[in-house]
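> how would this look folded up:
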Amino acid sequence: MTPRHAEDIALRALTWLCMDDELLRVFLAASGAGPDDLRAALGAPEGPDAGMLGAALEFILMRDATVIACARALGLPNDRLALAGAVLSGRAGMHWT
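So this is what the prediction gives:
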C-alpha cells in the first residue's frame, strides 16, 4: 500500500468517525484535540495533517467492533485499516524475525 493510499483510507475513516457524534466525542477527549483542532488539521493548505489521520486510525483500531463497523462502511477488508495505520506510522516494513 502506498502512503497516498493509506492517507486516503485514513481520511475516509476519519470522515466516518466524524459522522458518529458519540465516537467523535470520545476520540476528541482521548486525543486531547478539540473541534477547532480537527478543523485546522483537515483544512491545512498542504492537505490533511498526517498526525491527525494516524490518531484517528489508532483510535478506530482500539476496538474490534469499531474496526468492523468502519471497514464495512468504507467497503474495505478489516485488515486494510491496520495496514493503512502501519504505513502512515512507518511500521509497515517492520519485521520482528
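> and the residue nearest the centre of this protein?
residue 57 (2.6 Å; CA atoms, centre = their mean).
> can you say which helix or strand has that residue in it?
Per DSSP states H and E, residue 57 falls inside helix 50-60.
> any stretches of the protein with poor pLDDT?
91-97 (pLDDT under 70).
> can you point out the buried residues in the lengthiest helix in it?
The residue-count maximum for a helix in the chain (DSSP state H) belongs to helix 3-18. For helix 3-18, a neighbour-count test (16 or more other CB atoms under 10 Å) marks 6, 7, 9, 10, 11, 12, 13, 14, 16, 17, 18 as buried. For glycine as for every other residue, the C-beta is placed from the backbone atoms N, C-alpha and C.
> for those residues, give me a markdown table that also has distance to residue 79.
A markdown table is the format used below for the buried residues of helix 3-18 (distance: CB to CB, whole Å):
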| residue | distance to residue 79 |
| --- | --- |
| 6 | 13 |
| 7 | 18 |
| 9 | 11 |
| 10 | 15 |
| 11 | 18 |
| 12 | 16 |
| 13 | 13 |
| 14 | 18 |
| 16 | 17 |
| 17 | 18 |
| 18 | 23 |
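> much appreciated, bye for now.
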